[in-house]
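Chemist: below are the sequence and a predicted model; questions follow.
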Amino acid sequence: MDSAQIKRLEALAGIDLVKMTGTGNDFILVDNRKAGVTRELMSDLALGLCQRRRSVGADGMIFLEPSNRVDPVRGTVDWRWHFFNADGSAAEMCGNGGRCAARYAHDVGLAGEEMVFDTTAGPIRAWILDSGVKLEMIHPFGAYQGVELEVDGGMVKMDGVNTGVPHAVIAVEDIEAAPVVPVGRKVRFAPHFAPAGTNVNFACAKDGELVVRTYERGVEDETLACGTGAVASALMLGPAMGLKSPVRVKVRSGEELKVHFDKQGEDFGPVFLEGAAHYVYSGKLNAEALAWLHTQEDSPC
Ligand SMILES: N[C@@H](CCC[C@H](N)C(=O)O)C(=O)O
């Protein structure tokens, strides 16, 4: 990133930021009606602010804007988002970010307690509940079973499905010992999934729930939770492991998500994701939060 772009980003100093967490997956949110961040700055702003220890730190950044679209199936769309992973890449959908953004949209008056918002993956219906937020997900697609890939000389078998973003799901016996980062990263970048890549989940059934750990694309690490990953794992492994809808999914933070579906043959029926969405803090952007970008400037040589 050149110094002119960093200056344009620093000129956003003073805009309001909110930090939220959805079961340990954390996000910076911006009400873009007030902030007015232009589309061409969003990815770099996300990259700048999501850096942990040197900036705000988050798994992703979300810009919320009003919408005037009417969806033929889900009706009036209240607002739309631009979602970015911590590495600045745009993602089509995010389950934990979706719950956080829905609560924030409600609180800043972009929507009522029931709403529809637009993502790149399609419109999502959301409900604000006393216990958290519930999302009606997009219709999952592209399900596959039994794909085997060679990783470090051994074969790794996986199922997968797109629940808004692509997910591979690997069943394991011992979730604590699951090689989430070393194997997850190799599967995520495997030529089989190129060019989009995939998120990679490791899951096992324990005490009547599904325990899931996720290597996230765009964060390029294990995160404490992944909503679309919880949904993919519940859909692909839940029934085979004897877990009925709603499947309770325990994520790496130790918190729980609920996945509702109605599997009839190949069809999953309407799919819902339910869980917590909490505020962490609200503040104003300080230009110094982007200071670390200066050390990343393109070198002339
Ligand atoms: N954490 C999210 C998924 C965010 C997008 C993902 N990293 C991707 O690029 O596919 C969730 O809760 O679903």
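Modeler: Happy to help now that I have it.

Chemist: and the chain, which of its residues are near the ligand?
Modeler: Applying CB under 6 Å from any ligand atom, one finds that the chain approaches the ligand through 25, 85, 91, 94-97, 165, 199, 216-219, 226-228. Every residue, glycine included, has its C-beta placed from N, CA and C.

Chemist: make it 8 Å
Modeler: 22, 25, 59-60, 83, 85, 89, 91-98, 163-167, 197-199, 214, 216-219, 223, 225-231 (CB under 8 Å from any ligand atom).

Chemist: list the buried residues of stretch 78-93.
Modeler: By neighbour count on 16 or more other CB atoms under 10 Å, the buried set for stretch 78-93 is 78-86, 88-89, 91-93.

Chemist: Serialize the residues you listed to JSON lines and add fields for pLDDT, distance to L273 and secondary structure.
Modeler: Shown next, in JSON lines, are the buried residues of stretch 78-93 (pLDDT from 0 to 100; distance: CB to CB, whole Å; DSSP: H, G, I helix; E, B strand; the rest coil):
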{"residue": "D78", "pLDDT": "98", "distance to L273": "18", "secondary structure": "coil"}
{"residue": "W79", "pLDDT": "98", "distance to L273": "18", "secondary structure": "strand"}
{"residue": "R80", "pLDDT": "98", "distance to L273": "19", "secondary structure": "strand"}
{"residue": "W81", "pLDDT": "98", "distance to L273": "16", "secondary structure": "strand"}
{"residue": "H82", "pLDDT": "98", "distance to L273": "21", "secondary structure": "strand"}
{"residue": "F83", "pLDDT": "98", "distance to L273": "15", "secondary structure": "strand"}
{"residue": "F84", "pLDDT": "98", "distance to L273": "20", "secondary structure": "strand"}
{"residue": "N85", "pLDDT": "98", "distance to L273": "19", "secondary structure": "strand"}
{"residue": "A86", "pLDDT": "98", "distance to L273": "21", "secondary structure": "coil"}
{"residue": "G88", "pLDDT": "98", "distance to L273": "25", "secondary structure": "coil"}
{"residue": "S89", "pLDDT": "98", "distance to L273": "22", "secondary structure": "coil"}
{"residue": "A91", "pLDDT": "98", "distance to L273": "16", "secondary structure": "coil"}
{"residue": "E92", "pLDDT": "98", "distance to L273": "15", "secondary structure": "coil"}
{"residue": "M93", "pLDDT": "98", "distance to L273": "11", "secondary structure": "coil"}
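
Chemist: re earlier: which members of the residues of the chain next to the ligand occur in helices, if any?
Modeler: Judged by DSSP state H, the residues of the chain next to the ligand include G95, N96, G97, G98, G227, T228, G229, A230, V231 as members of helices.

Chemist: filter the residues of the chain next to the ligand to the buried ones?
Modeler: So, by 16+ other CB under 10 Å, the buried ones in the residues of the chain next to the ligand are 22, 25, 59-60, 83, 85, 89, 91-98, 163-167, 197-199, 214, 216-219, 223, 225-231.

Chemist: pull the CA atoms of the lengthiest strand in the chain into PDB?
Modeler: Identified as the longest strand of the chain according to DSSP state E is strand 141-151. The C-alpha coordinates for strand 141-151 follow below in PDB (Å, rounded to 0.1, in the frame of the first residue of the first chain):
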ATOM      1  CA  PHE A 141     -25.300 -25.500  -2.100                       C
ATOM      2  CA  GLY A 142     -22.500 -27.500  -3.700                       C
ATOM      3  CA  ALA A 143     -22.500 -30.300  -1.000                       C
ATOM      4  CA  TYR A 144     -20.000 -33.100  -1.500                       C
ATOM      5  CA  GLN A 145     -18.900 -36.200   0.400                       C
ATOM      6  CA  GLY A 146     -15.900 -38.300   0.700                       C
ATOM      7  CA  VAL A 147     -13.300 -36.100  -1.100                       C
ATOM      8  CA  GLU A 148      -9.800 -37.400  -0.300                       C
ATOM      9  CA  LEU A 149      -6.800 -35.200  -0.600                       C
ATOM     10  CA  GLU A 150      -3.200 -36.000   0.100                       C
ATOM     11  CA  VAL A 151      -1.700 -33.900   2.900                       C
END
